[in-house]
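[1] Only the shape, not the letters, is given here:
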């Protein structure tokens, strides 16, 4: 195989959810395409790589001074939803369940992986509480040990009596069959059972 | 979501075996990477798109005058293996089963998809037979109606008594359990049974 093509396949194969087989198909498909898809993808990628940067306020990616969520004056101030990743914002936006402000940590604290508070976008949460009159912080972090540790760390680092904290409810998913639900979730669902 | 990022995700999502979900992960991963992977992928892709072209002899992709298979003087002349796609060459090379020359058609004849002989890299096979003293043409096309039609078309278009034709054997794959083999393959395997 041509060395240039091989190198390109290796680069594609390193992308998440793409293996060598898929990368080979992708690269051959792109290079055989006569409509210029390869050039146009290369241009779009280079353009994005050079202009996209994290939003200085919330950590979302943007090519402007602020991301569209921080810039949108129609969004409700006062509520701050803390998520782990960018993609969590996309999921929440798609569901339309939340209309406040977001804050993307960029990860969770993890002793195993050596991720400390300095590695995460935590430091400016306190500033945001003051600047944006945040009254409620909603944690939408993964329901894992790391997620809960991170949540606990943030709560303990914010000494502000005007701020209340909440987290997403745990329990049986909508349409969830009890047969398929793990013991941990069941325990949480029992513990948090609602009176009817 | 930022429009530039959305456009990039859409372009990635159009690649084979990549859907919107995987494309989102890929794009976010690339843009959040601080080691410059996005730029380096964009550069490699642009470089390949501008320098890679089909080999004028066999149809493989190359950035030189001839592909490495046509340029390799250690490869056996006299045998020409006709395949549908580039990726078939890679599979055959990986197996190490063939050491002659390749010819990539770029598809198979198909009435349904409107693919005619003019769309395929068929015209110069006759020239190669003369130029390279081809004595045997080995068809390694898919074992489908389209593959067999294409094969038949090429055989009938080459009126050269010095050339013999062969095709890959059909039958039960190595380690193939009869339980899992379709009727068509079984019929071929019975018809082509070997005396012991």
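    Done, it's in. Predicted model only: the values in this text are computed from it and were never measured.
[2] how about the residue nearest in space to the middle of chain A, what does it touch?
    Nearest to the geometric centre of chain A sits residue A:85, at 1.7 Å (C-alpha atoms, centre = their mean). Shown in contact with residue A:85 (C-beta atoms under 8 Å, 6 or more residues apart in numbering or on different chains): A:104, A:106, A:107, B:28. Any C-beta I mention is one placed from the backbone N, CA and C, and that applies to glycine too.
[3] Any of these buried? List them.
    For the contacts of residue A:85, a burial check counting by 16 or more other C-beta atoms under 10 Å in any protein chain shown picks out A:104, A:106, B:28.
[4] any idea whether the last one is helix, strand or coil?
    Secondary structure assignment for residue B:28 (DSSP: H, G, I helix; E, B strand; the rest coil): helix.
[5] Can you name the residues that contact it?
    So residue B:28 contacts A:61, A:85, A:86, A:87, B:5 (C-beta under 8 Å, 6+ apart).
[6] Dihedrals phi and psi, the second one?
    Listed backbone geometry of residue A:85 is phi -130, psi 160, with angles given as degrees, to the nearest 10.
[7] related to what we said a few turns ago, reformat the contacts of residue A:85 into CSV and put distance to residue A:129, secondary structure and pLDDT next to each item.
    As requested, the contacts of residue A:85 are exported to CSV (distance: C-beta to C-beta, whole Å; DSSP: H, G, I helix; E, B strand; the rest coil; pLDDT from 0 to 100):
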residue, distance to residue A:129, secondary structure, pLDDT
A:104, 16, strand, 95
A:106, 19, coil, 90
A:107, 21, coil, 90
B:28, 27, helix, 89
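[8] separation between residue A:91 and chain B?
    Separation of residue A:91 from chain B (C-beta to the nearest C-beta, to the nearest Å) stands at 10 Å.
[9] tell me the pLDDT at that residue?
    Here the pLDDT value assigned to residue A:91 is 86.
[10] Could you check how many residues crowd around it?
    13 (other C-beta atoms under 10 Å in any protein chain shown).
[11] swap in residue A:17?
    14.
[12] Next: the one 5 residues further on.
    Applying other C-beta under 10 Å, we find 19 residues neighbouring residue A:22.
[13] now do the one 3 residues further on
    By the criterion of other C-beta under 10 Å, residue A:25 has 20 neighbours.
[14] Helices of chain A, start to end?
    A:3-13, A:20-32, A:37-51, A:68-71, A:86-95, A:125-131, A:145-157, A:183-191 (DSSP state H).
[15] Residue B:196 is nearest to which of these?
    Each of the helices of chain A was scored for nearness to residue B:196 using C-beta to C-beta, and the closest is helix A:20-32 (37.1 Å).
[16] Which of the residues in the closest one are classified as buried?
    Going by neighbour count (16+ other C-beta under 10 Å), the buried part of helix A:20-32 is A:22, A:23, A:24, A:25, A:26, A:27, A:28, A:29, A:30, A:31, A:32.
[17] buried subset of the contacts of residue B:28?
    For the contacts of residue B:28, a burial check counting by 16+ other C-beta under 10 Å picks out A:61, A:85, A:86, B:5.
[18] Specify which member of the residues you listed is nearest to residue A:118.
    Once C-beta to C-beta is applied, the member of the buried ones among the contacts of residue B:28 that ends up nearest residue A:118 is residue A:85, at 18.1 Å.
[19] Counting neighbours, what do you get for residue A:9?
    Residues lying near residue A:9 (other C-beta under 10 Å) number 21.
[20] returning to that earlier point: ok, which pair from the buried ones among the contacts of residue B:28 is furthest apart?
    The distance between the two most remote of the buried ones among the contacts of residue B:28 (C-beta to C-beta) is 13.8 Å, for A:85 and B:5.
[21] quick one: residue A:86 from chain B, how far?
    Residue A:86 sits 5 Å away from chain B when distances are taken as C-beta to the nearest C-beta.
[22] So for that residue, what's the pLDDT?
    With respect to pLDDT, residue A:86 scores 87.
[23] Find the nearest non-adjacent residue to it, please.
    Nearest residue to residue A:86, sequence neighbours excluded (C-beta to C-beta, 6 or more residues apart in numbering or on different chains): residue B:28, at 5.2 Å.
[24] How is chain A divided into domains?
    Split into domains by automatic domain parsing, chain A comes to A:3-51, A:54-195.
[25] Quick one, grab the pLDDT at the closest residue to residue A:26 other than its chain neighbours.
    Taking C-beta to C-beta, 6+ apart, and ignoring the residues beside it in sequence, residue A:26 has residue B:15 as its nearest neighbour in space, at 4.8 Å. According to the prediction, residue B:15 has pLDDT 89.
[26] Residue A:27 is in contact with residue B:15, correct?
    No. If you go by C-beta atoms under 8 Å, residue B:15 and residue A:27 don't touch, sitting 9.4 Å apart.
[27] Any part of stretch A:57-75 near chain B?
    Yes. Applying C-beta under 8 Å from any C-beta of the partner chain, one finds stretch A:57-75 in contact with chain B at A:60, A:61, A:62, A:63, A:67, A:68.
[28] quick one, what contacts the fifth one?
    Residue A:67 sits next to A:55, A:57, A:58, A:60, A:61, B:2 when contact means C-beta under 8 Å, 6+ apart.
[29] ok, now with 6 Å
    A:55, A:60 (C-beta atoms under 6 Å, 6 or more residues apart in numbering or on different chains).
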